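A.B. asks: I'll drop the sequence and a predicted model, then ask my questions.
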Amino acid sequence: MKSAIYNLQSKFHMTFTAIDFETATAYHPCSVGIVTVENGVIVDEFVTLIKPPNNEYNPFTIRVHGIYPRDTVNAKTFVEVFPEIRKRLENRVVVAHNESFDRNVLSKSMALYGLNYEDLNIGSRWECTVKIYKSKGLKPTTLSDCCRAMKIQLNHHEALSDARACAKLYLLR
């Protein structure tokens, strides 16, 4: 009984930020979705398109997320969007589904523009819902499979929907 009460209470004190990047090529983002959770409640959502360097895309990534160069030709660059990203991530616990991918997109994009990742004070490893649900025995652990198992609505490969789903998965862990 005590552990059940602790688990219930701990969920109400969960404060973190979930993030998802969609990429145009390798680690160059073309969209970001960020969901801020305070004490177990989603309090802020942010999504924007990002113009990748030279507005170049890999045809494979377009097939995955459906974002085309025409969609980002007039979008802000990463460095122009970064102040919005920074204010949502700085000094926070950060969560992502397959965290190493999203963390690398962020750190490599920051490095490209001469921004120091360490200044965010978010650590070299983030919370990872893939690892969490894999440890619970769920297989496979793609975002869509985890969401299906946990009955979470998802418009997969839409950055805000993916970030929101990741936040909900983390809350249900």
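C.D. replies: Yep, it's here.
A.B. asks: going forward, measure contacts between C-alpha atoms and count neighbours the same way
C.D. replies: OK.
A.B. asks: what about the helices in the chain?
C.D. replies: Secondary structure of the chain by DSSP state H: the helices cover 2-12, 59-65, 69-72, 78-89, 99-112, 129-135, 143-150, 159-172.
A.B. asks: to Ala24, which of those helices lies closest?
C.D. replies: Closest of those to Ala24 is helix 59-65, at 5.9 Å (criterion: C-alpha to C-alpha).
A.B. asks: for the closest one, buried residues please.
C.D. replies: Within helix 59-65, the residues scored as buried using 16 or more other C-alpha atoms under 10 Å are 61-62, 65.
A.B. asks: for stretch 96-113, same thing?
C.D. replies: Using 16+ other C-alpha under 10 Å as the burial criterion, the residues of stretch 96-113 that qualify are 96-99, 102-103, 105-110.
A.B. asks: from the residues you listed, which two are the most distant?
C.D. replies: Among the buried residues of stretch 96-113, His97 and Met110 lie farthest apart (C-alpha to C-alpha), at 20.0 Å.
A.B. asks: could I get the helices of the chain as a markdown table with distance to Thr36 and mean pLDDT?
C.D. replies: Formatted as a markdown table, the helices of the chain follow (distance: least, C-alpha to C-alpha, whole Å; pLDDT from 0 to 100):
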| stretch | distance to Thr36 | mean pLDDT |
| --- | --- | --- |
| helix 2-12 | 14 | 47 |
| helix 59-65 | 23 | 97 |
| helix 69-72 | 25 | 98 |
| helix 78-89 | 7 | 98 |
| helix 99-112 | 16 | 97 |
| helix 129-135 | 16 | 97 |
| helix 143-150 | 19 | 97 |
| helix 159-172 | 8 | 98 |
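A.B. asks: cool, thanks, signing off.
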